[in-house]
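# quick one: sequence and predicted model below, then my questions.
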Amino acid sequence: MKMEKSYEIRLSGSGGQGLILGGIILARAAVLDNHKVTQTQSYGPESRGGYSRADVIISDRDIFFPEATNFNCLLALTQEACDKYLFDLRDTGILIIDTTFVKNLALAADNTYELPFTEIAQSELGSAISTNVLSVAFLTKITGIVSDASLAASIALSVKPSFVDLNIKAMKLGFKLAENYGR
Amino acid sequence: MLKKTTSNSTKAKTPKAETLKKKSSAKKAASKIVELESNLERKTIIMQGNEAVAYGALDAGVNFFAGYPITPSTEVAEILSAELPKRGGVFIQMEDEIASICAIVGASLAGAKSLTATSGPGFSLMQEGIGFAKITETPCVVVNVQRMGPSTGMPTSPAQGDIMQSRWGSHGDSPAIVLYPDSVKESYELTIRAVNLAEKYRTCVILLMDEVIGHMRESVRLPDMANVRVINRIKPTVPPHWYKHYDENQKYLSPLASFGEGYRFHVTGLTHDAHGFPTNKAGEAGEMMDRLRKKITYNIRDLVQIESHQMDDAKIAIFAAGITARSAKAAIAMARHEGIKVGLLRPLTIWPFPDDAVRKMLRDVDTVIVPELNQGQLIHEIRRLTKDKSESDVLSIRKVNGDLITPNEILRKIKEVI
Amino acid sequence: MANIPQKIVHQYLRHDKKFPHVWCAGCSNGIILGAIIRAIASMELNRDDIVMVSGIGCSSRMPVYIDLNTMHTLHGRAIAFATGIKMHKPNMKVIVVTGDGDCTAIGGNHLIHAARRNLDLSVILVNNNIYGMTGGQCSPTTPHGAIATTAPYGSIEPDFDICKLAIGAGASFVARTTAFHVTEMQNYIQASMEHPGFSLIEVISACPVIYGRLNKKGGAPQMMKEFRDNSIPQTAVDKLPPEQVEGKIIRGILRREIQPEYSAAYADLIKGVQESAGGEQ
Amino acid sequence: MSNKVTKDRMGMIIKEEDVLEKMEVEATEVKAPAEKDSPVLIYYNWCKKCGICVAFCPTGCLGRRSDGSPYVEFPEKCIHCETCDRLCPDFAITGAKEK
């Protein structure tokens, strides 16, 4: 992993998309890779809808400020989230957007990856429920921030036992999408 | 005293055999705690601040929790509702926060190690009960995961508005022990310390948390159970007729009997004499109030913990607690990168206020910056202690809008000074 | 010496406390305390295993005088403290002594929820229809039209029927008696302590110095006579024409049912959780 | 001997020691009946003279002095029912068991 001082990731979208769980999975995977990590979140009062974001900072030093301020990577699953946080992305940062909901990209970043994650989850996996894992797996493959094995182990530890198989399937699909992206 | 210490001074210690036995039985249980205790040596895991409080409480021997759901402290109750029955402890969801504090005080007098967790509005409701625990010298712990106020405020947003309330909130002016962690690991450690101090000093100890720390997940490696020191209350060793519920000794720490042990004492929220019976004689009332004060002031060296971060050569000191101290550390790293000599002083024990330590550390610096997520509370304590400095040398950064003070905001203030 | 009569009550009083006690002349609290003591004595309970918890008010001064494990707590919160004690030490008998204002105004929430949980507490609610200790303000049980210092023109509020409230909230043992019916009171207290579940005994009591004086009830003997003449046992209610029941204090055990008790249910939960945890290995 | 009376937190009057002393003095002034013959024992220090025992004694055994305190007027009338004992709010009357 090409680590700078620390690697800041923001997962953003709306409540119910499972972004906080996505953040936990990513953070736990980083722990399994022996990195130091903090994961914070902010969300509105509603469990479904409203804004939601999860920040993950991965570093090999002590992390002081736990919120992402200057992201190395931004995942945006809704138009509002994309509009709101895009300006805090570093110049060299990676932007990953879900084109199912993000139709209008105000500012084109250099490293932009566009895929209709929700649609893919719906058609390939039968439900939009694992959009979070699908997109986080895509993100980890693109950024190389955590190892594949750690992500798989983290998913197994973080989701309910009955959902492990579905999410592992989603993860593999995410990896595949990343490997084939742009080809 | 100036160095951050993680272990607590103690006399009592859990017997090792019991610890191991507890471990093996907990191992069987299928739950989150498997990850925590699957090895005798604990490994690094990811954990939330509130989870750390719950497991800290369990490791400290808490066996009674009464609480009422309130964001952002609910995870503590949720975890304990699952974990306490496994260890034979009691979890009860009460009808409100007032009932919760009363129930934990009642249980404590019956011999339990008890704890409750709440947030701003609930903490306000608990104040009368906290005063009762203090005057009756009953050990208990209140965890207050602070959120933005006043009133309902912003339930999922951080603020540090309860610093003064935790000290002065209960009517009738009594001393307080309040601890303030700045990380998930420290939440675990200070929860254990809070329970230990409550047992040792027979009072209600408050653990102040920031919403961000309560909900934040961090990679942590908790100490092995064998290294966790647990303090239990001193039990009376005299026949019942000689027992005084509020005994005097040089350190103002007195034995505590429990209901059902044959001591048949009386507990009252009225001003009382050494036996616990109501009195309105000025002499006895004054003695009681002195006792409440002195058991804190005489033991201040045991109570105060403070972290000194890069203060050796600092010309500017930042004084901050909890999550704001982490912003400050980030700002210090940036400032030092530019050659600015800044340091941080962070109280782990916020009340009693670490007067001596702060005074000593501030003597060597020119400027003090006090960032806090409120309208100015700690700043007054610092101004009180730095009489030789002018107003312009003690600067405040205040922010109450639901966002954290960022490292850049602190850095900007640092640059204003130089 | 041998001929000097021994009063059983005196053996349970704290001999080093100030007597005469704090209550006014003719106040029923002493009578009720005596009945509680006789109930405990006749049950031959070990007094180390009994806790008496009270809140704030005249009746709540009882614990100071009785040699048990005693606790005098916050206004309205006695039941909440008692819940903590009972849940940690389920084998102890927990008696709560409380007043009408203490238990049904400021502490109403704790009353209904303890009744709902059916936690094994014996709540002895001393109903004197007024806040005596603060000098005679109206309480939730001040009868409609009665005078109080904060209802100088007569109370316009309807009053609580505490027993109906407790039954409605799920209390499994509910009884009402008066301070005059002292043997009946003793029996009810004993029955409530033997009953496995939440029990509430409403004792209609006389406050001659404040309530009696404000409402021209006469002295303590007159008020006690009124209790005697103006109350009917519940068993007689059906046999009497309605006009003779109207306005009367109805005495008796109004509800007694065995229902799952909370601390026992919690003990079962612990057992179940520990067993299933052991079996999963 | 000052008649010092203080009020506690809720406004209830608490009698200080000197009040107690005063009552002791009173008690010696009232001549108690000869204990040996009396069917009930009255602790005058504790009696607050409410009159309940006199009012409810079923046989009229007890009488009331001019200051309001009870005394055994007709010892022979006592039926050892202990009504006075149970109804005394001040624990001041002890009913003797029948010999």
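Done, it's in.
# quick check: the residue of chain A nearest chain C.
A:P161 (13.0 Å; Cβ to the nearest Cβ). Glycine gets a C-beta too; all of them are placed from N, C-alpha and C.
# how many other residues sit next to C:M223?
Residues near C:M223, counting by other Cβ atoms under 10 Å in any protein chain shown, number 26.
# pretty sure B:P407 sits against B:A330.
Yes - assessed by Cβ atoms under 8 Å, B:P407 is found in contact with B:A330 at 3.6 Å.
# shared neighbours of those two, anything?
Taking Cβ atoms under 8 Å, 6 or more residues apart in numbering or on different chains as the criterion, B:P407 and B:A330 both touch A:F64, A:F65.
# where do the domain boundaries of chain D fall?
D:1-30, D:33-99 (automatic domain parsing).
# lowest-confidence stretch among the ones you listed?
For the domains of chain D, the weakest mean pLDDT is recorded on domain D:1-30, namely a mean of 44.
# mind checking pLDDT for B:E37?
With respect to pLDDT, B:E37 has a value of 54.
# typo on my end, B:K251
Model confidence at B:K251 (pLDDT) stands at 79.
# ok, now which ones touch it?
So B:K251 contacts B:K295, B:Y298, B:N299 (Cβ under 8 Å, 6+ apart).
# please apply the same query to B:G49.
Here B:G49 is in contact with B:V145, B:P181, B:S183, B:V184, B:S187, B:M209, B:I213, B:G214, B:H215, B:M216, B:E218 (Cβ under 8 Å, 6+ apart).
# ditto for A:T99
Applying Cβ under 8 Å, 6+ apart, the residues contacting A:T99 are A:E114, A:L115, A:P116.
# looking at the contacts of B:G49, which is nearest chain D?
Distances from chain D to the contacts of B:G49, taken by Cβ to the nearest Cβ, are shortest for B:V145, at 33.4 Å.
# quick one: distance of the host helix or strand of that closest one to the chain centre.
In this assignment (DSSP states H and E), B:V145 forms part of strand B:140-146. Centroid separation for strand B:140-146 versus its chain: 7 Å, with Cα atoms, centre = their mean, to the nearest Å.
# what residues does chain A have near chain B?
By Cβ under 8 Å from any Cβ of the partner chain, the part of chain A that sits against chain B consists of A:23-24, A:27-28, A:30-31, A:34-45, A:63-67, A:69, A:157.
# could you identify the buried members of the contacts of A:T99?
A:L115, A:P116 (16 or more other Cβ atoms under 10 Å in any protein chain shown).
# just the contacts of A:T99: which are in helices?
Among the contacts of A:T99, no member falls in helices (DSSP state H).
# what's the average pLDDT for the longest helix along chain A?
In chain A, with assignment by DSSP H, the single longest helix is helix A:164-180. Averaging pLDDT along helix A:164-180 yields 94.
# what helices or strands is that helix leaning on?
Counting contacts by 3 or more Cβ pairs under 8 Å, 6 or more residues apart in numbering or on different chains; DSSP states H and E, helix A:164-180 packs against helix A:131-143, helix A:148-158.
# just the CA atoms of the helix or strand containing B:K185, as CSV, please.
For B:K185, the enclosing helix or strand under DSSP H and E is helix B:184-201. The C-alpha trace of helix B:184-201 is given here as CSV (Å, rounded to 0.1, in the frame of the first residue of the first chain):
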residue,chain,number,x,y,z
VAL,B,184,-11.6,4.6,22.7
LYS,B,185,-8.9,2.9,24.7
GLU,B,186,-8.9,5.6,27.3
SER,B,187,-12.7,5.3,27.6
TYR,B,188,-12.1,1.7,28.6
GLU,B,189,-9.3,2.6,31.1
LEU,B,190,-11.1,5.6,32.6
THR,B,191,-14.4,3.6,33.0
ILE,B,192,-12.4,1.1,35.1
ARG,B,193,-10.8,4.0,37.0
ALA,B,194,-14.2,5.6,37.6
VAL,B,195,-15.6,2.5,39.1
ASN,B,196,-12.4,2.0,41.2
LEU,B,197,-12.5,5.6,42.4
ALA,B,198,-16.2,5.4,43.2
GLU,B,199,-15.6,2.3,45.3
LYS,B,200,-12.5,3.8,47.0
TYR,B,201,-13.9,7.2,47.7
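# show me how far the following helix or strand past it is from its chain's centre.
Next helix or strand after helix B:184-201 toward the C-terminus (DSSP H and E): strand B:204-210. Averaging C-alpha positions (Cα atoms, centre = their mean) puts strand B:204-210 4 Å from its chain's average.
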